[in-house]
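>>> Test case, fold it:
(one chain, ligands or ions: 2)
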Amino acid sequence: MARTDQDIIRISIRQSLEVDQALGIKVLPIPKAIVASIGRPRKSSTAGGLPGASTDDRAIALRRLDEEQVKGCQKCTLCQTRTNTVFGQGHPLARLVFVGEAPGFDEDQQGLAFVGRAGQLLTDMIEKGMKLKRADVFICNVLKCRPPNNRTPATDEITACSPYLFEQLRILQPEVICALGAPAAQTLLNTKESIGRLRGRFHDFYISGSPGIGPSVPLMPTFHPAYLLRSPGEKGKAWEDLKKIMIKLGLPLT
Ligand code: URA
Ligand code: SF4
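Numbering: from 1, shown residues only. Ligands and ions are numbered 1, 2, ... in the order given. Next comes the predicted model:
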């Protein structure tokens, strides 16, 4: 896998930050020029991704998946009640991908992920908390169609729809995945463990879909923003999880 200078700088910063953290050393100041570049999406055409994949290759692969497979999908009964499919949106070279549960009312109306009230909180977590631009990450869901009355996704719906999510992640090959809430974490990690027990530490997500086979991506489960709106007392725990992601990405915590 070809690594650019930027990747190497990023990896070494990340490793030194992890060592500093492990030793309890306060994070060292990072030169301004590097800080300015590390939050951004990858620049390289081959940064750990599909062979030869550039922004354009990834954007095209994502658009084809959406237009040729998702938009007309009738693999489960949710196709009968949806207004729009919601593929998800963001930067094709995003280093960080957020995965939610399913579109809600606003998302179904607009065809865009996380544009309602939970979406506003997610935007604040990304922009005010992590100091990233929302347009620089990628945001999608396990289900691409809204379940009536926002009920929890059914097992057969997840089985029908999750191959699209796995394909999105295979195209994007992010450096870190953040699973928002139990359905996303349980689907991606193939477990029934509760979100309360899964959150707070990195798990291995295998791009191949088969545990232990091929490369893996660190995945942090955390609480869903809609849950945080109902239980604001849990926001501190979610922020602890996001800070672990920032450290993993080599982002400054201050
Ligand atoms: N909740 C989700 O899980 N996803 C959205 O896109 C909006 C709300
Ligand atoms: Fe297809 Fe997924 Fe929509 Fe079901 S939820 S119809 S599987 S796109």
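>>> any chance you could map the strands in the chain?
Per DSSP state E, the chain carries strands over the ranges 89-90, 96-100, 138-141, 176-180, 203-206, 216-222.
>>> doesn't Pro215 make contact with Asp204?
No - Asp204 lies out of contact with Pro215 (Cβ atoms under 8 Å); the separation is 9.6 Å. No exception for glycine: its C-beta is placed from N, CA and C like everyone else's.
>>> Tell me which residues of stretch 215-225 come out buried.
Val217, Pro218, Leu219, Met220, Pro221, Thr222, Phe223, His224, Pro225 (16 or more other Cβ atoms under 10 Å).
>>> List the contacts of Ala182.
Ser194, Ile195, Leu198, His224 (Cβ atoms under 8 Å, 6 or more residues apart in numbering).
>>> change it to 10 Å
101, 152, 191-196, 198-199, 221, 223-224, 227 (Cβ atoms under 10 Å, 6 or more residues apart in numbering).
>>> so what pLDDT did it get?
For Ala182, the model assigns a pLDDT of 98.
>>> Identify the residue nearest the closest residue to ligand 1 within the stretch 101-250 of the chain in space, chain neighbours excluded?
Taking Cβ to the nearest ligand atom, ligand 1 has its nearest neighbour within the stretch 101-250 of the chain at Glu101, 3.5 Å off. Spatial nearest neighbour of Glu101, excluding adjacent residues (Cβ to Cβ, 6 or more residues apart in numbering): Pro183 at 4.6 Å.
>>> which parts of the stretch 101-250 of the chain sit against ligand 1?
Glu101, Ala102, Pro103, Gly104, Glu107, Ala113, Phe114, Gly116, Ala118, Gly119, Asn141, Ala226 (Cβ under 6 Å from any ligand atom).
>>> again, only this time at 8 Å
101-104, 106-107, 112-116, 118-119, 139, 141-142, 150, 180-181, 183-184, 224-226 (Cβ under 8 Å from any ligand atom).
>>> Leaving out sequence neighbours, find the closest residue to the closest residue to ligand 2 within the stretch 151-254 of the chain.
Of all residues in the stretch 151-254 of the chain, Cys161 sits closest to ligand 2, with a separation of 3.1 Å (Cβ to the nearest ligand atom). What sits nearest to Cys161 in space, not counting adjacent residues and going by Cβ to Cβ, 6+ apart, is Leu143, at 5.0 Å.
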